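A.B. asks: got a structure for you, letters missing:
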């Protein structure tokens, strides 16, 4: 997303007569914000500026530029160039820069301090477009550096607190983890063995037993499945379809990597409680990653 502040973005759009949708990332490219620090040692060495057809690039300077002396190579007919203020330049190409081509943008400064100018080499990058480039030329004070460091430290401290909370949460398993996650309450868990004459083999897969569990906000099915086919089978996807026409996906889990031919394993299907209202009939379909074999239970009510 474009990281230019709101007033600057609105000014840019008004001056160029465009709209917000014009700043959607070009296909396959990411809009980025970056900071460029000019130094006397690198004076005159071009700084690469990544542009794309129809995408706005904004340059912000920390010292005033000589607006009348800004030069854009020999490609003015292919670019919209606006020196909006003595610290803000906007650039919008009508087309991508050809491979291997570099269009030079020279920006002289107005205060006579070194370096005297900034030079940019405008190119097209396959993955990125510079949406906002902050150009720093004046030395940063110790106070400014310390303020930025304090801000980074505060942000890191907040992230560390969040990380510790997540670690503590993930460390709790079994009943403790379910209680912390709000998956257990005083009402407890409803459990029911489902025996249905419609549990018929499909694609060499047979369900021997189905146990349904319902807790606060969740439903889980424990299925004991036998693989009577010639090859191993690994269920990776579960689909639920209600008689009312609703459809949803559910999580599938099992301990074994697959169910071997002639073997059996327990497979758990977990879904949100709102996807399976009480006493509602659902069709349950389990598939492998290829979709070649599936286990279909036409109707289960719980």
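C.D. replies: Now that the structure is in, tell me what you want to look at. These figures come from a predicted structure and were not determined experimentally.
A.B. asks: Let me know the secondary structure of residue 163.
C.D. replies: When the structure is split into helix, strand and coil by DSSP: H, G, I helix; E, B strand; the rest coil, residue 163 lands in helix.
A.B. asks: Could you tell me how far it is located from residue 152?
C.D. replies: From residue 163 across to residue 152, the span is 16 Å (Cβ to Cβ, to the nearest Å). Where C-beta positions appear, they are placed from N, C-alpha and C, glycine not excepted.
A.B. asks: swap in residue 220?
C.D. replies: Relative to residue 152, residue 220 is positioned 44 Å away (Cβ to Cβ).
A.B. asks: Which one of those two is surrounded by more residues?
C.D. replies: Set residue 220 next to residue 152 and count neighbours by other Cβ atoms under 10 Å: residue 220 wins out with 20 against 10.
A.B. asks: you'd agree the more buried one is in a helix?
C.D. replies: No. The assignment for residue 220 (three-state DSSP) gives strand, which keeps it out of a helix.
A.B. asks: In the stretch 101-250 of the chain, where is pLDDT below threshold?
C.D. replies: By pLDDT under 70, the low-scoring segments of the stretch 101-250 of the chain are 138-141, 144-145, 162, 165-173, 196-198.
A.B. asks: What segments of it are strands?
C.D. replies: Listed in chain order, the strands of the stretch 101-250 of the chain (DSSP state E, counting those that start in this stretch) span residues 103-108, 117-124, 128-136, 190-194, 205-215, 218-227, 237-242, 247-253.
A.B. asks: So for residue 272, which of those strands sits nearest?
C.D. replies: Closest approach to residue 272 among the strands of the stretch 101-250 of the chain is made by strand 218-227 (6.3 Å; Cβ to Cβ).
A.B. asks: helices or strands up against that closest one?
C.D. replies: Using 3 or more Cβ pairs under 8 Å, 6 or more residues apart in numbering; DSSP states H and E, the elements in contact with strand 218-227 are strand 205-215, strand 264-272, strand 281-287.
A.B. asks: re earlier: export the strands of the stretch 101-250 of the chain as a markdown table, with columns for distance to residue 91.
C.D. replies: Listed next are these as a markdown table, based on distance: least, Cβ to Cβ, whole Å:
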| stretch | distance to residue 91 |
| --- | --- |
| strand 103-108 | 7 |
| strand 117-124 | 8 |
| strand 128-136 | 9 |
| strand 190-194 | 64 |
| strand 205-215 | 58 |
| strand 218-227 | 53 |
| strand 237-242 | 48 |
| strand 247-253 | 46 |
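A.B. asks: Got the confidence number for residue 14?
C.D. replies: Model confidence at residue 14, expressed as pLDDT, equals 43.
A.B. asks: Return the set of buried residues in stretch 87-102.
C.D. replies: Using 16 or more other Cβ atoms under 10 Å as the burial criterion, the residues of stretch 87-102 that qualify are 88-93, 96-97.
A.B. asks: same thing with stretch 200-209?
C.D. replies: Neighbour count says stretch 200-209 has 202, 205, 207 buried, by 16+ other Cβ under 10 Å.
A.B. asks: what about residue 134, how many neighbours?
C.D. replies: A count of nearby residues for residue 134, using other Cβ under 10 Å, gives 15.
A.B. asks: Kindly report the same for residue 288.
C.D. replies: The local packing of residue 288 (other Cβ under 10 Å) involves 19 other residues.
A.B. asks: Could you check how far it is from residue 203?
C.D. replies: Computed as Cβ to Cβ, the residue 288 to residue 203 distance reads 9 Å.
A.B. asks: Now for the two: what residues contact both?
C.D. replies: The overlap between the contact sets of residue 288 and residue 203 (Cβ atoms under 8 Å, 6 or more residues apart in numbering) consists of residue 294.
A.B. asks: and which of the buried residues of stretch 200-209 is nearest to residue 261?
C.D. replies: Closest to residue 261 out of these is residue 205 (11.1 Å), distances taken as Cβ to Cβ.
A.B. asks: Tell me, how many residues neighbour residue 77?
C.D. replies: 6.
A.B. asks: In a helix, it, correct?
C.D. replies: Yes. Assessed by three-state DSSP, residue 77 belongs to a helix.
A.B. asks: now the helices and strands packed on strand 218-227 in JSON lines, with distance to residue 114?
C.D. replies: Supplementary listing: those in JSON lines, determined by distance: least, Cβ to Cβ, whole Å:
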{"stretch": "strand 205-215", "distance to residue 114": "70"}
{"stretch": "strand 264-272", "distance to residue 114": "64"}
{"stretch": "strand 281-287", "distance to residue 114": "68"}
